[in-house]
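Participant: Quick one, structure for this:
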Amino acid sequence: MIKKAREYLKKYFGYDSFRPGQEKIIEFVLDGVPAAGIMPTGGGKSVCYQIPALLLPGSTLVISPLISLMKDQVDSLVQAGIPATFINSSITASEVSKRLDDAVKGRYKLIYMAPERLESPYFLEELKQLDISLVAVDEAHCISQWGHDFRPSYLKISSLMSKLPGNPRVLALTATATPTVREDICSLLGISEENTIITGFERTNLSFSVVKDENSLTFLERYLSKNKQESGIVYGATRKEVDNLYQYLLKKGYKAGRYHAGMNESERASQQELFLNDDIKIMVATSAFGMGINKTNVRMVFHYQMPKNMESYYQEAGRAGRDGLDSECILLYSAQDIRVQRFLIDQSSTSDSRREQELKKLNQMKDYCHTEDCLQSFILQYFGEENSEPCGRCGNCLDTRSVEDVTVEAQMVLSCMIRMGERFGRTLISQVLAGSKNKKIADFGFDKLSTYGIMKQRSAKEIAEFIDFLASRQYIGISGGQYPVLDVTNLGKEVLLNKERVLRKQQLTITAAQTDDVLFEKLRAVRKELAAGEGVPPFIIFSDAALKDMSLKQPQTKEEFLQVKGVGEQKAERYGAAFLKAISGYLSQNPVAKAEPIQSISTKQQVKKGSYLDSYKLYNSGASFDEIAAQLNLSVVTVENHIIRCAQEEMPLDWEQIVGNSEQELIINAIRNIGAEKLKPIKETLPENISYFQIKAVLVKYPAVTFQKTP
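Facilitator: Presented below is the predicted three-dimensional model:
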């Protein structure tokens, strides 16, 4: 059946091969094995149940908390020729009854429903009449009380499974799950650990940056002014902040919208629709916006304030680049953000243990803002990928500033903490080091300490930020809930004993860049016109990634049009003529812009210096990675990531040059024997001359071998 699955992938979705992990998950489902898939946003989770739904008898029930996503997914499936529907609070009771009646008659292959429906005994009785072969649990982290978005109604799923006739299969899927949450998912849904496929949390098309010590509004406006044609989301922590930003951007002439819980439902729906249809470019919103928004062409996500935890941040930032194209995630950090989030946590109606857990996660989020190591690696380690490699593309990896030795300053801070008894927070510690005249300091007698005023050349605010930096590097530990207490870790003690040096970089300023592609913009206009005519968002017609590939390959015939990534047979029939006409018209007016033969890179393609296409061209001309890095002012790791991306996009590459035949065979066997995509354990079984890059390349070229262990 896997062969048929591959055929359906091309026929309905327009792709030639599965992404890592998808095929193995589908194999589990078709074999009737309960399974879980932990895949990054944009990693193709929906295909893992949509393809089996086409192959299995009866219907597939998809449980999802995301009402907006249900409509988008159903619209996309119907556009591709797959019968599907949804049942949630956005439709009337009579419509629910009609859709259930049609479902009983077998008219749908996929039925999406909200988990709250499981609270209704009447609805459960109705479900028993359906022929359900598979129950897909989307956003499965909601089942865990330790997840960042716990939904009590999810706990009803296991009861549902026992009541449905025919013993349907179960598949759980999520993008944000810590090891503890993954254990809960498997335990509550009866899934074995060995049937959990984790393809990694890394989003290779996203670049992460943290901006500190710069006016956030000035930075935001400067960035947006350079990217006026692109869609983006700006997240604010409070409704008031969202309203202020929204009004400011409108006055500056930006096509902006807003979204928060203080608006009525019709206002929110209207603003969301405008954003999905590209009628507004920037959505300013609280975290209430975005759950289930399947807009694929979001090129930038800003966090105007630091979010409360890493799960929320990665989920919100992950709304950028769902089409696989390069996108940016920028967090504008201020120390005030901590106080805002603490206030919001304190105001929440949760238990003391839950509040303490949320405060701990807030401190981990603060560590992310202050780390000088790879930002993507920090995120991956948070989600349990301990041996992650530097990404080579985040703000920290691309930081070329000189390193400063701040060991002496660190020793001052750590020494002061010990003399104060390791019983206080950063505010009081900072004031003691700065020599503050605060009465509280005198009351404790801290003005008599040898470390009192030892850093008076700095302000208390600067010292507090330095303390945050030391905490992010694990020299300082944080304990306690509402009023955190700092202590010196074992690593910090190594610093005091001069056995560990502390290095820090100066402030980093990030600049935005914009690319220009005339044909791409023409194709976007065609897409928007078609979408308006059919009453659906533009990305339902084709994603930006499909349009980029279209403008690169410039197909002239239907057969060539079908070779564009994301173009299936149904969409080629419906939309091919309009896009082929636009491409033909463009080429007749710009004859020198004609691309090389299909599936090759156009030498006329205009790209920004240092992009992955630059690396590709130099690589194809015979340049080594070191030579490419030197010419484009990049690191070798970044060049390697560029070539990996070219491989993922199926650009022609000399594989024998990347991985010799014998090395390739060794790597494939190592992958099969280990059965995982963790690079370090694979590398440890191979000769030293085989690099991490070569292993990554083989994983990209042969994703199907990843989890197929040899007997």
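
Participant: so where do the strands sit in the stretch 101-250 of the chain?
Facilitator: For the stretch 101-250 of the chain, the strands defined by DSSP state E, counting those that start in this stretch occupy 110-113, 132-137, 169-174, 196-198, 206-211, 231-235.

Participant: will you turn those into a markdown table that also has mean neighbour count, distance to Q474 and mean pLDDT?
Facilitator: (C-beta placed from N, C-alpha, C; glycine too.) Compiled in a markdown table, the strands of the stretch 101-250 of the chain are given as follows (neighbours: other C-beta atoms under 10 Å; distance: least, C-beta to C-beta, whole Å; pLDDT from 0 to 100):
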| stretch | mean neighbour count | distance to Q474 | mean pLDDT |
| --- | --- | --- | --- |
| strand 110-113 | 24 | 44 | 95 |
| strand 132-137 | 23 | 36 | 94 |
| strand 169-174 | 25 | 28 | 94 |
| strand 196-198 | 21 | 25 | 90 |
| strand 206-211 | 22 | 18 | 91 |
| strand 231-235 | 25 | 28 | 95 |
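
Participant: So for S430, which of the ones you listed sits nearest?
Facilitator: For S430, the closest of the strands of the stretch 101-250 of the chain is strand 206-211, at 20.8 Å, according to C-beta to C-beta.

Participant: all strands of the stretch 501-650 of the chain, in order?
Facilitator: For the stretch 501-650 of the chain, the strands defined by DSSP E, counting those that start in this stretch occupy 503-505.

Participant: which intervals of it have sub-threshold pLDDT?
Facilitator: 506-517, 591-610, 649-650 (pLDDT under 70).

Participant: just the helices in it please.
Facilitator: For the stretch 501-650 of the chain, applying DSSP state H, counting those that start in this stretch gives helices covering 518-534, 538-541, 544-553, 558-561, 569-589, 612-620, 625-632, 636-648.

Participant: For S266, which of these is the nearest?
Facilitator: Nearest of the helices of the stretch 501-650 of the chain (C-beta to C-beta): helix 518-534, 20.8 Å.

Participant: returning to what we had before: got TSV for the helices of the stretch 501-650 of the chain, with mean neighbour count too?
Facilitator: Listed next are these as TSV, based on neighbours: other C-beta atoms under 10 Å:
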stretch	mean neighbour count
helix 518-534	17
helix 538-541	25
helix 544-553	24
helix 558-561	16
helix 569-589	16
helix 612-620	20
helix 625-632	17
helix 636-648	21
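
Participant: so which of the ones you listed gets nearest E116?
Facilitator: Short answer: helix 538-541, nearest of those by C-beta to C-beta, at 26.0 Å.

Participant: lowest average confidence, helix or strand, in this protein?
Facilitator: Least confident helix or strand of the chain, by mean pLDDT, DSSP states H and E, is helix 655-658 with a mean of 72.

Participant: Buried residues of that one, list them for me.
Facilitator: Neighbour-count burial for helix 655-658 flags I658 (criterion: 16 or more other C-beta atoms under 10 Å).

Participant: Give me the helices and strands touching that helix, please.
Facilitator: helix 692-701 (3 or more C-beta pairs under 8 Å, 6 or more residues apart in numbering; DSSP states H and E).

Participant: Quick one: residues in contact with the helix it packs on.
Facilitator: 20, 389, 640, 643-644, 647-648, 655, 658-659, 663-664, 667-668, 671, 677, 679, 682-683, 686, 706 (C-beta atoms under 8 Å, 6 or more residues apart in numbering).
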